[in-house]
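In: sequence? don't have it. structure:
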């Protein structure tokens, strides 16, 4: 599937950079490598009230439960029985941090 990106000037600069980076040869190579592990690349994001894309704040995670997505605080109680499904690098503690989780019990 060949997808042409039409990224307007009104798109948040961090989102625009991420969308445009998938065209780079080095990113294509990274995608190919992680695909061999059953992984894929995702763009962690949230939405403004008008629906536009925004970077996912570092104190929030995307949470899926009963096939519905919400955005919750990192220490939210509903995350206790969830599994990570998306990660991003956390430069502060030099580790990989979950940025999306899925309710384990909602997907038996």
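Out: Nice, thanks for sending it over. Small disclaimer: the values here were computed from a predicted structure and weren't measured. Residues are numbered from 1 along each chain as shown.
In: for the rest of this, base every contact and every neighbour count on C-alpha atoms.
Out: Will do.
In: hey, where'd the strands end up in the chain?
Out: With DSSP state E as the criterion, the chain has strands at 45-47, 53-55, 60-65, 68-73, 82-90, 95-103.
In: among these, which is the most enclosed?
Out: strand 60-65 (a mean of 22; mean count of other CA atoms under 10 Å).
In: what is the mean pLDDT for it?
Out: What strand 60-65 shows for mean pLDDT is 92.
In: which residues touch that strand?
Out: The contact list for strand 60-65 (CA atoms under 8 Å, 6 or more residues apart in numbering) reads 46, 69-74, 79, 98-103, 106.
In: before we move on, back to that, pick out the shakiest of the strands of the chain, pLDDT-wise.
Out: Least confident of the strands of the chain, judged by mean pLDDT, is strand 95-103 with a mean of 81.
In: what's the longest helix anywhere in the chain in contact with?
Out: Longest helix in the chain, counting residues (DSSP state H): helix 25-35. Helix 25-35 has contacts (CA under 8 Å, 6+ apart) with 21-22, 40-41.
In: how is this protein carved up into domains?
Out: The chain is divided into the following domains under automatic domain parsing: 1-40, 56-108.
In: what would the strands of the chain look like in JSON lines with distance to residue 31?
Out: Conversion of those to JSON lines gives the following (distance: least, CA to CA, whole Å):
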{"stretch": "strand 45-47", "distance to residue 31": "19"}
{"stretch": "strand 53-55", "distance to residue 31": "20"}
{"stretch": "strand 60-65", "distance to residue 31": "22"}
{"stretch": "strand 68-73", "distance to residue 31": "25"}
{"stretch": "strand 82-90", "distance to residue 31": "14"}
{"stretch": "strand 95-103", "distance to residue 31": "17"}
